[in-house]
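Undergrad: Kindly return the folded structure for what I paste below:
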Amino acid sequence: MISMKWTDVKKDISSISQEDKNLIELTALLASLRREKNMTQKELAEKVHVSQAQIARVENFSYAPSLKTITRIADGLNLELTFIDKTTKELVKN
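TA: This is a model prediction of the structure:
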């Protein structure tokens, strides 16, 4: 079995936009952090007031979450989202 890292694979993928690649990375990171915190999808869903099925769809990339949903999930994981302004390259915090 050949194992490849996402960083190696994503540069060769041209069929999806950079925006979609960024969304994949963000949702994969949120799923990874949820697992690191030993939190189930159900526990996170209850904490952020969405269904467990919605968390599952976000984590398996079958649903593109809104920024509001991503923010709620991040809050449920006790994370602060920080954005970088592409023009000035400065951090923009909410």
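Undergrad: what's the nearest residue to the residue nearest to the spatial centre of the chain if we skip its chain neighbours?
TA: With distances taken as C-alpha atoms, centre = their mean, residue 27 lies nearest the centre of the chain, 1.8 Å away. The spatially closest residue to residue 27, leaving aside those adjacent along the chain, is residue 58, at 5.5 Å (C-beta to C-beta, 6 or more residues apart in numbering). Where you see a C-beta, it was placed from the backbone N, CA and C, and this is true even at glycine.
Undergrad: just residue 81 next, same as before
TA: residue 74 is the one closest to residue 81 (C-beta to C-beta, 6+ apart), at 5.1 Å.
Undergrad: Also residue 64?
TA: Leaving aside its sequence neighbours, residue 64 sits nearest to residue 23 (C-beta to C-beta, 6+ apart; 6.3 Å).
Undergrad: so how far is whichever strand or helix holds the residue nearest to residue 81 off the chain centroid?
TA: Using DSSP states H and E, residue 74 falls within helix 67-76. Relative to its chain's centre, helix 67-76 lies at 9 Å (C-alpha atoms, centre = their mean, to the nearest Å).
Undergrad: what mean pLDDT would you report for it?
TA: For helix 67-76, mean pLDDT rounds to 91.
Undergrad: Please apply the same query to stretch 45-60.
TA: pLDDT averaged over stretch 45-60 gives 95.
Undergrad: Just the terminal-to-terminal distance for that stretch.
TA: 15 Å (C-alpha to C-alpha, to the nearest Å).
Undergrad: What residues does the residue nearest to residue 27 make contact with?
TA: Neighbouring residues of residue 58 by C-beta atoms under 8 Å, 6 or more residues apart in numbering: 27, 30-31, 65, 69, 73.
Undergrad: List buried residues within those.
TA: Burial by neighbour count, 16 or more other C-beta atoms under 10 Å: within those this picks out 27, 30-31, 65, 69, 73.
Undergrad: out of the residues you listed, who's nearest residue 45?
TA: Closest approach to residue 45 among the buried ones among the contacts of residue 58 (C-beta to C-beta): residue 73, at 9.2 Å.
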